[in-house]
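Visitor: how does the following fold in three dimensions:
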Amino acid sequence: MAVSPKEIEFNFNEDKMRLKIRALEKELEKVHLGGGRKRIDKLHTAGKLTARERVKLLLDKGSEMQEIGAFAGHGMYEEYGGCPSGGVVVVIGVVSGRRCVVVANDATVKAGAWFPITGKKNLRAQEIAMENHLPIIYLVDSAGVFLPMQEDIFADKEHFGRIFRNNAKMSAQGIVQIAAVMGSCVAGGAYLPIMSDESLIVNKTGTIFLAGSYLVKAAIGENIDNETLGGATTHTEISGVCDYKVENDKECLKTIRSLMDKIGTPENAGFNRSESKEPKSPIRKVYGILPAERSKPYKSRELLKCLTDESKFTEYKAGFGKTILTGYARIDGWSVGIVMNNRELVKNGKGEMQFGGVIYSDAADKAARFIMNCNQKNIPLVFIHDVTGFMVGSKSEHQGIIKDGAKMVNAMANSVVPKFSIVIGNSYGAGNYAMCGKAYDPRLIVGWPTAEIAVMSGAAAAKTLLQIEVSSLKAKGEKITKEKEKALFDKIKNRYDEQISPYYAASRLWIDAIIDPIETRKVISIGIDSANHKKATEAYNVGVLQT
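Guide: Now for the predicted structure:
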């Protein structure tokens with residue numbers, strides 16, 4: 001039987017996606033080793049578990065979890081030997097039946113020392129807990145600030161000290177915080193467990209002090225060992241700093257589970273949920289629908305059918321503003337409002353052709369109104385990015401594209417319902433902003449391996465930068481041959497392409513995770529389940545909207 005061109009293209013797309021997913025899995029395998037096998041073995045010899053082993057034992061067996069920032073620090077700090085996962089493991093998981101955030105220092109990475117990205121990742125974990133009113137559990141095992149980079153982690157607003165500020169704020173808001181000292185806890189970091197509601201310390205391996213024995217000797221001449229200075233017995237029987245003394249990691253985690261089991265019932269934000277139903281169109285089909293060549297159009301509605309319960313989508317204003325799809329659906333039973341870039345070539349009501357993935361005035365106007373409707377109905381919003389930006393040119397400017405774009409951004413930025421962003425392809429320029437990029441407080445933002453986040457595509461940026469470079473060289477009297485121009489273009493494009501990869505974005509926490517597309521439903525469901533723990537504290541108000 002002959003294979004149709006469509007089937008050939010589908011299979012080609014699927015193969016390319018599977019290669020990207022396998023590459024993702026290989027990178028995650030490296031990340032999960034933290035500081036390496038030798039350091040893991042050293043921890044085990046000392047009777048300690050690794051950060052990931054601790055998290056696994058703490059979480060309910062078989063429960064779904066989402067790791068945040070697995071690629072934090074990816075490719076960064078190479079001069080210091082790297083910092084896999086930012087030296088800390090963060091997950092949204094379930095402990096004793098309660099959704100919570102878990103933060104575990106990875107002592108195999110520079111003894112759990114804090115790099116700048118470590119601070120940013122810890123603040124992101126606290127932000128998730130505060131936005132969703134989730135309990136947060138700290139598994140502390142850290143040598144404190146990484147001193148060679150202290151100027152980038154110590155004194156500024158979003159640096160190390162912000163962690164303790166957040167401890168105080170969360171306590172005042174009634175957000176449960178439990179800290180377990182399972183290794184070193186020194187200097188300023190010693191405040192974290194004590195600013196939590198309850199603290200545990202592991203005998204013989206956990207220590208807390210503002211200054212260790214060597215610094216004490218240097219500062220005041222006192223001779224004392226670390227265990228006597230700030231070990232478990234000292235802090236549970238003499239100072240009263242800690243509440244529970246436990247004998248080993250396993251007992252510590254078991255005790256935390258017991259404490260979590262006694263917490264009162266959380267409030268409910270009232271998001272609608274019914275029985276979860278699988279999509280009629282298999283979710284793996286997205287592998288073949290999304291083109292390997294990102295400039296090609298594709299049927300966005302077909303891709304959407306792979307994500308929604310029973311592949312159902314009640315489309316809002318289907319015949320208007322066609323370069324954005326808006327409508328209601330269910331994902332894992334949760335009621336959601338979806339705003340998705342439409343990558344098909346379409347004709348507007350005037351018969352004019354519009355490019356897929358570009359936001360036109362009518363689409364921006366439609367999206368703004370839909371976002372307001374979802375806020376009115378208390379329906380969480382899901383933004384699915386594959387956007388090259390807003391339409392440019394005299395026609396669009398005369399139609400007021402800036403005004404309509406501002407209307408969409410205003411409606412989205414002021415949303416009081418939780419927002420979730422899935423970057424499946426392009427997320428360029430102001431399109432990233434309008435579709436709820438990181439700057440607009442999505443509760444979670446993740447990318448597929450095909451995601452690209454930048455001001456513009458690599459090719460477009462390279463062409464722009466090349467023109468500037470060539471003009472500059474010509475002004476200096478240099479002759480630019482076609483060969484030299486191509487070499488310059490390739491150099492600029494290669495540098496830019498590296499910066500727009502999802503790994504670059506994930507390393508800097510512009511996105512929370514890179515995921516296999518088949519995990520999309522799970523991520524959204526975990527996000528809404530988390531958000532359902534906190535009602536909106538203010539009414540929806542968009543302020544001044546130009547009409």
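Visitor: could you list the residues in contact with the worst-scoring helix or strand of the chain on mean pLDDT?
Guide: Using mean pLDDT, DSSP states H and E, the weakest-scoring helix or strand in the chain turns out to be helix 458-475, at a mean of 79. Residues from elsewhere that reach helix 458-475 (C-beta atoms under 8 Å, 6 or more residues apart in numbering): 452, 454-456, 480, 485, 488-489, 492-493, 496-497, 500. From N, CA and C alone the C-beta is placed, and that goes for glycine too.
Visitor: can you tell me which of those residues are in helices?
Guide: When DSSP state H defines the helices, the subset of the contacts of helix 458-475 inside them is 485, 488-489, 492-493, 496-497.
Visitor: can you say which of these are buried?
Guide: Among the ones in helices among the contacts of helix 458-475, those buried by neighbour count (16 or more other C-beta atoms under 10 Å) are 488-489, 492-493, 496-497.
Visitor: could the residues you listed be laid out in CSV, adding distance to residue 9 and pLDDT?
Guide: CSV is the format used below for these (distance: C-beta to C-beta, whole Å; pLDDT from 0 to 100):
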residue, distance to residue 9, pLDDT
488, 34, 82
489, 29, 83
492, 31, 82
493, 25, 82
496, 28, 81
497, 24, 82
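Visitor: which one of the residues you listed is nearest to residue 164?
Guide: residue 496 (38.8 Å; C-beta to C-beta).
Visitor: distance-wise, check residue 435 relative to residue 421.
Guide: Going from residue 435 to residue 421 by C-beta to C-beta, to the nearest Å gives 7 Å.
Visitor: so where do the strands sit in the stretch 301-450 of the chain?
Guide: Secondary structure of the stretch 301-450 of the chain by DSSP state E, counting those that start in this stretch: the strands cover 314-315, 324-331, 334-341, 346-347, 353-354, 358-359, 381-387, 389-390, 419-428, 444-447.
Visitor: give me the sheet partners of the fourth one and which way each runs.
Guide: Read that as strand 346-347. With DSSP bridges as the test, strand 346-347 is paired with strand 353-354 (antiparallel).
Visitor: mean confidence for the partner strand?
Guide: The average pLDDT within strand 353-354 is 88.
Visitor: now that strand, how far from the chain's geometric center?
Guide: The chain centroid and the centroid of strand 353-354 are separated by 34 Å, computed with C-alpha atoms, centre = their mean, to the nearest Å.
Visitor: before we move on, what about stretch 524-539?
Guide: 16 Å.
Visitor: got the end-to-end distance for it?
Guide: End-to-end distance for stretch 524-539: 24 Å, by C-alpha to C-alpha, to the nearest Å.
Visitor: do stretch 315-330 as well
Guide: 12 Å.
Visitor: burial of the nearest residue to residue 145 once chain neighbours are set aside, as a residue count?
Guide: Once flanking residues are discounted, residue 145 sits nearest to residue 114: 5.0 Å by C-beta to C-beta, 6 or more residues apart in numbering. With neighbours defined by other C-beta atoms under 10 Å, the count for residue 114 comes to 30.
Visitor: do you know how far residue 114 is from residue 87?
Guide: For residue 114, the distance to residue 87 - C-beta to C-beta - is 7 Å.
Visitor: same check, this time on residue 298
Guide: From residue 298 to residue 87 the distance is 40 Å (C-beta to C-beta).
Visitor: between those two, which one's more packed in?
Guide: Using other C-beta under 10 Å as the criterion, residue 298 and residue 87 rank with residue 87 on top: 31 against 22.
Visitor: could you list the low-pLDDT ranges of the stretch 151-300 of the chain?
Guide: Residue ranges of the stretch 151-300 of the chain with pLDDT under 70: 188.
Visitor: show me where it has helices.
Guide: Taking DSSP state H, counting those that start in this stretch as the criterion, the stretch 151-300 of the chain contains helices spanning 161-173, 191-195, 213-220, 226-230, 232-233, 249-260, 286-289, 300-305.
Visitor: all helices in the stretch 1-150 of the chain, in order from the N-terminus.
Guide: 5-31, 37-45, 51-58, 116-132.
Visitor: redo the strands of the stretch 301-450 of the chain as a markdown table? Include distance to residue 211 and mean neighbour count.
Guide: What follows is these, written out as a markdown table (distance: least, C-beta to C-beta, whole Å; neighbours: other C-beta atoms under 10 Å):
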| stretch | distance to residue 211 | mean neighbour count |
| --- | --- | --- |
| strand 314-315 | 62 | 12 |
| strand 324-331 | 51 | 23 |
| strand 334-341 | 50 | 25 |
| strand 346-347 | 66 | 14 |
| strand 353-354 | 65 | 14 |
| strand 358-359 | 56 | 24 |
| strand 381-387 | 48 | 26 |
| strand 389-390 | 53 | 22 |
| strand 419-428 | 44 | 26 |
| strand 444-447 | 39 | 26 |
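Visitor: closest one to residue 28 among those?
Guide: Using C-beta to C-beta, the strands of the stretch 301-450 of the chain put strand 444-447 closest to residue 28, at 13.8 Å.
Visitor: who does the closest one pair up with?
Guide: strand 419-428 (parallel), strand 513-514 (parallel).
Visitor: which residues touch residue 513?
Guide: By C-beta under 8 Å, 6+ apart, the neighbours of residue 513 are 66-71, 446-447, 506, 523.
Visitor: re the thing from before, and of the strands of the stretch 301-450 of the chain, who's closest to residue 155?
Guide: Closest among the strands of the stretch 301-450 of the chain, using C-beta to C-beta: strand 444-447, at 28.1 Å.
Visitor: tell me how far that closest one is from the chain's mean position?
Guide: That offset, for strand 444-447, works out to 5 Å (C-alpha atoms, centre = their mean).
Visitor: what's the burial count for residue 403?
Guide: 14.
Visitor: can you check the one 10 residues further on too?
Guide: By the measure other C-beta under 10 Å, the count of residues near residue 413 is 17.
Visitor: output the contacts of helix 458-475 as TSV; include the columns distance to residue 305.
Guide: Below are those laid out as TSV (distance: C-beta to C-beta, whole Å):
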residue	distance to residue 305
452	24
454	29
455	32
456	30
480	50
485	45
488	44
489	40
492	39
493	35
496	34
497	31
500	28
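Visitor: thought residue 127 was touching residue 90, still the case?
Guide: No - counting by C-beta atoms under 8 Å, residue 90 does not reach residue 127; the two are 10.9 Å apart.
Visitor: more neighbours, those two?
Guide: Counted by other C-beta under 10 Å, residue 90 and residue 127 do not tie: residue 90 has more neighbours, with 27 against 14.
Visitor: distance of the more buried one from residue 250?
Guide: In terms of C-beta to C-beta, residue 90 sits 21 Å off from residue 250.
Visitor: what do you get for residue 317?
Guide: Counting by C-beta to C-beta, the gap from residue 317 to residue 250 is 56 Å.
Visitor: which one is residue 234 nearest to, not counting chain neighbours?
Guide: Distances taken as C-beta to C-beta, 6+ apart place residue 228 nearest to residue 234, at 6.5 Å, with adjacent residues excluded.
Visitor: oh, I was asking about residue 73
Guide: residue 83 is the one closest to residue 73 (C-beta to C-beta, 6+ apart), at 3.9 Å.
Visitor: my read: that neighbour touches residue 118, true?
Guide: Yes - Residue 83 lies in contact with residue 118 (C-beta under 8 Å); the separation is 7.1 Å.
Visitor: common neighbours of the two, please.
Guide: 72-73.
Visitor: got the contact list for residue 389?
Guide: 358-359, 428-431, 456.
Visitor: looking at strand pairing, list the partners for it.
Guide: With DSSP bridges as the rule, residue 389 is bridged to residue 358.
Visitor: give me the distance between it and residue 455.
Guide: Where residue 455 is concerned, residue 389 sits at a distance of 9 Å (C-beta to C-beta).
Visitor: for the residue lying farthest from the centre of the chain, grab phi and psi.
Guide: Distance from the centre of the chain peaks at residue 477, with 47.8 Å (C-alpha atoms, centre = their mean). The phi and psi values for residue 477, taken as degrees, to the nearest 10, are phi 90, psi 10.
Visitor: thanks a lot, see you next time.
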